[in-house]
Structure formats: C-alpha cells, structure tokens
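Participant: only geometry, no sequence info:
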C-alpha cells in the first residue's frame, strides 16, 4: 500500500481511538501489528531502501551514541555505493541538535527536529519523567489514568510530525537509537512503534543501553541501589509496566534488535523470548585516521590548537582560580565554555611546554564515569617517589588533567564532586607541585575562530587523543567502552576499570583471544589501593615515551585486526539480506 494512504488510515484510527488508561494503549498497539513483508530480490530491496534511511534518537552532540551513529551512517553510505552504486539520502531526527553536533554530523545529511522529544530532564523539564519513574502511580488510580492519557496525547502529536516527515521523504528504513531501550521519553517510543507498524516499514533498533541494566524492582537491604532502579518505581502498576516491557524493545515483525554486546542479546532471547532471527550484535569500528602513526610534531600541533580553544584565541592560557569557578558554577552550567582551572590567580599555562604530563578523560561528566577517581589516583602518583622526584628535579614541569566532554545539566552534582576532588588533590600534594596541576574542561569543543586566522585545521577526535600521554577511564558501567578501543588505536596507554557488565569489558579487551589480539591495559583499582608496582608502572608511562611504545605498538595491531570499518559495512549488508529473505 502507498505510504501516504497508510498514513491517512493510521490517522483515522488515531482519531477514533478512545484512550482512558494504559491497557487501552496496549490494545491499540496490538491492533496495529503488521505482518511479514513480501519477499523481494536483493537488488530490488536495496533500491527501495535507497529512497531514504533515517536515524532517530533523543539528541545529537558529541556523546558516544552520536559518534556511533556517525559511524553507522558512513558505513551505510559505503554499503549502498558498493552494492548498487547509489547515494542514499540519510536523515537524522531528534529532539535537540546541540552546537557540538556539527563536529559529528556531516552538513550534507538531513536534520529534522521534533520539539520536546528529548528525554529525561530535557523532556518538558523532567515533569513527566518524574511522574512516571520517581513518583507514586498506583494501578487504576486517577493519576495513573491521567498519565496514560497525557502520554497518549504526546505520542499522537509526535506521530503526526514524524509520520509526515517519513512519508514526505520516502523513508523506508528507520533506525531508532536507544529510543526503544531506555525510557527517557515513552511518548516518542510509543509514536515510533505505532508509526512503523502502521506504515509497515523496516526497523533496525540500535540498542546501547537497556533500562534493566543496572536497575531492578527489589533489592536486599544490604545491596547498593542501582543507577536505573528508578525505572521500576511503579512496577506494581501492572498495566503500565506491561506496556513499558512491550515497548522496550518492541518485538515487531519487521524489526531487528541490534545490540552492542552479547549479554544484551542473550537477555532478549532467554529472558524476553525474542527469536534468535531478530537479535544481533554490532560492534564499534575505528577509522584509519585513528591508526595512522604520528610523531611529536603532531602532538604539539594538537596541543597548540587546544590552547587556542581553552584560552578563547590566545596561545597562552590564563587559568581561572578553582574557587572562583566553583562560585560561578551555576552560571557556567547554563552556557558551558572551555575553561582551565588552577590553584590560584595569575598563573599561566602553555600546553606545548616541555615536561608537560597530559592525562585525558575522553568522556562527558556523568556519575557512572566516576571521574573523581582519576584525581585520587593522580594524588597518589604525585606523592609517589618516582613522579614526585621528577617534579622536584624539573623533569615534570606541569600536569594537566583534561576532561573532554560537556556536562549534562542534570549532572551538575557529579561535576561538583570532580571539582572538589581536584581541590583535595591540591591540598594533599606539595604546594610547589600543586601550583603546576591544572584541570581542563573543553566541553566537546574542537574548533575556534582563531584557527582560520592562524591557518590551523579543526581538531578531530583522533587529534584529541594525541594530546595525551595516558588515558584515564574508571567507569562503573559501559555498554561498550569505546575509549579503550580509540586510545588503543592511537597508541595511548589506558588505565581503566573492569566495568559492568564484565563480559562486555572482556569482549572489548579480547580476554578470550590470543595475546596478539588482546588489548593491553592497566587496571584501575576499585578499592583505591594504589600499590607501589602500579604507581611505578604509571609513572614510567608518564615520564618515558619509549616505555609507552610497549603499549602503543601492541594495541594498534590488536585493534586494527578487530575493529575496521568494513566490519560494520558487512554487518549492515547482513541485515539487508535478512530483510530480503523474509527470515525474520
């Protein structure tokens, strides 16, 4: 059936629907379920899909999810050119496109913003998210029915906007990313589910995080709360929670579930009874730019450009005194700009100075990244004989701790924890050393107007890694753990935690593979017990570039063998073949 005709029929159904509670929504959803598609030839299906492919997620910036979407998009372009010699129009649908998204999304790609479809606290200021997941909503209560009607009303609004765009742009494949796994905004999830069933289009649900990862309904009294326990706040409201479970993720006839790790796939198959024919994994990839070898000149170039960003156009940085930044933090959060902090006023910082020790945390500032632990280990290192002596003898001139990503507005408290950990570091090391320790926030900025004037190229993500002598990554939970792969491709040693799920960590490292395919790393101690051997090892990495090469050469080789872009191109081809064979 013509997509526009299907959309008209769907709108008529929406107009006739009488929705009073969660159960009514579930019954309406069941009435829309589409059947399997007609079998098509391989080339014919490629030609159909080449009309248009769209990604949809809560927002686009420089976070890990947006960067992965960029890789998927580039892989699809390569795939369609390889298979049918055609360009494929790519569309990016979201609730917000942040300024930093321009560094990730190509200007040739189409964008469509739907107001208020962002998630969590960015969805109507967090009002509806709070009512669903933090406030009591007893089954069959007035508030429960009111919330069902509110979510339905928003879903209908989203459906109208999204449906018109899909039909106008001839989008035949929709790729929701985390929309159908993490309940940041159930209204847009409901809209996506209803539309794709009503219009009978193909869906690849890209799943990075599930609500049940780090979350559950009941915990023993002696067990620590999980970071996603709030999603189970109203699990005893069975009508609501049954709908939630059916949406996250939706088990549609033309849907593929594509996870970023094997434990997620096993859970869908064993716990949620998805067919194996619906469930796959898609790993990350690394571009050849990451693997390209570079020399000291490239490091100095990256640091010089970063200096212009951090100083707002000057090669020399004048840090802000840490207490001043803390006092002004609420204002800074509203308009985050790159900033460098030091222990006192009237300090200067030159990133290209000989004897600079550069430590990088290549993530946003959110609680589960546990960035405060970086400052604890740096305190131990600066009080350890090897690194302490290097500073006293002048071999270590300054130490920079650089966090690359922005701070989501709801994570200000996590930033405060980092800032006070920096203050604590400065109070617990030799005062002469403390004045040489700087904390840097570049908030995802990779370009500056001064670059053009000074004939400098914008920084790319691989250039950001070139800044560093070492990567610090003490994350508590990760869907994948991309900084491990990226730092290894660039040849930068990494100190990382064995995050949850441990099977995912082991998969990234390659624990079960031969030694030449495993990534070498230094384990971040969970108990903050910094043994002499560990501190000696990290100090040697920071002070001896030849010692760093032990990690560099090995990890580059291991990553190149396992994470090339052709892997993703071939995976998407596999998905098209599954659609074509009508095997789902």
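Facilitator: Cool, got the structure. Here the structure is a predicted model, which means the values were calculated and not measured.
Participant: the closest residue to residue 110 other than its chain neighbours: helix or strand, and which one exactly?
Facilitator: Once flanking residues are discounted, residue 110 sits nearest to residue 91: 4.5 Å by C-beta to C-beta, 6 or more residues apart in numbering. C-beta here means a position set from N, CA and C on the backbone, and glycine is covered the same way. Assessed by DSSP states H and E, residue 91 sits inside strand 90-97.
Participant: any weak-confidence spans in the chain?
Facilitator: Scanning the chain with the threshold set as pLDDT under 70 gives 1, 34-40, 582-584.
Participant: got the domain ranges for it?
Facilitator: With domains defined by automatic domain parsing, the chain comprises 3-285+567-580, 288-564.
Participant: any chance of those domains in TSV, with mean neighbour count too?
Facilitator: Listed next are the domains of the chain as TSV, based on neighbours: other C-beta atoms under 10 Å:
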stretch	mean neighbour count
domain 3-285+567-580	18
domain 288-564	18
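Participant: follow-up on the earlier one: what lines up beside the strand holding residue 91 in the sheet?
Facilitator: strand 53-60 (parallel), strand 110-113 (parallel) (DSSP bridges).
Participant: how far is it from where the chain is centred?
Facilitator: Here strand 90-97 is found 15 Å from its chain centre; the criterion is C-alpha atoms, centre = their mean, to the nearest Å.
Participant: now the helices for the stretch 151-300 of the chain?
Facilitator: Taking DSSP state H, counting those that start in this stretch, the helices of the stretch 151-300 of the chain run over residues 186-199, 238-247, 262-270, 288-291, 296-311.
Participant: using TSV, please lay out these together with distance to residue 333.
Facilitator: Listed next are those as TSV, based on distance: least, C-beta to C-beta, whole Å:
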stretch	distance to residue 333
helix 186-199	26
helix 238-247	31
helix 262-270	33
helix 288-291	32
helix 296-311	18
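Participant: nearest residue to residue 203 in space, please, no chain neighbours.
Facilitator: Closest to residue 203 by C-beta to C-beta, 6+ apart is residue 255, at 4.4 Å.
Participant: surely the one you found meets residue 201?
Facilitator: No: using C-beta atoms under 8 Å, residue 255 makes no contact with residue 201, being 10.1 Å away.
Participant: residue 364 should be in a helix, yeah?
Facilitator: No: using DSSP: H, G, I helix; E, B strand; the rest coil, the secondary structure at residue 364 is coil, not a helix.
Participant: got the contact list for the residue nearest to residue 268 when sequence neighbours are not counted?
Facilitator: With sequence-adjacent residues excluded and distances taken as C-beta to C-beta, 6+ apart, residue 268 is closest to residue 274, at 4.3 Å. Listed by C-beta atoms under 8 Å, 6 or more residues apart in numbering, the contact partners of residue 274 are 251, 257, 268.
Participant: how far away is residue 274 from residue 522?
Facilitator: 38 Å (C-beta to C-beta, to the nearest Å).
Participant: ok, residue 539 next?
Facilitator: 12 Å.
Participant: and for residue 94?
Facilitator: Taking C-beta to C-beta, one finds residue 94 at 37 Å from residue 522.
Participant: same thing with residue 375?
Facilitator: 17 Å.
Participant: now do residue 231
Facilitator: 34 Å.
Participant: got it, and residue 538?
Facilitator: 7 Å.
Participant: which residues do those two both contact?
Facilitator: With C-beta under 8 Å, 6+ apart, residue 538 and residue 522 have common neighbours residue 495.
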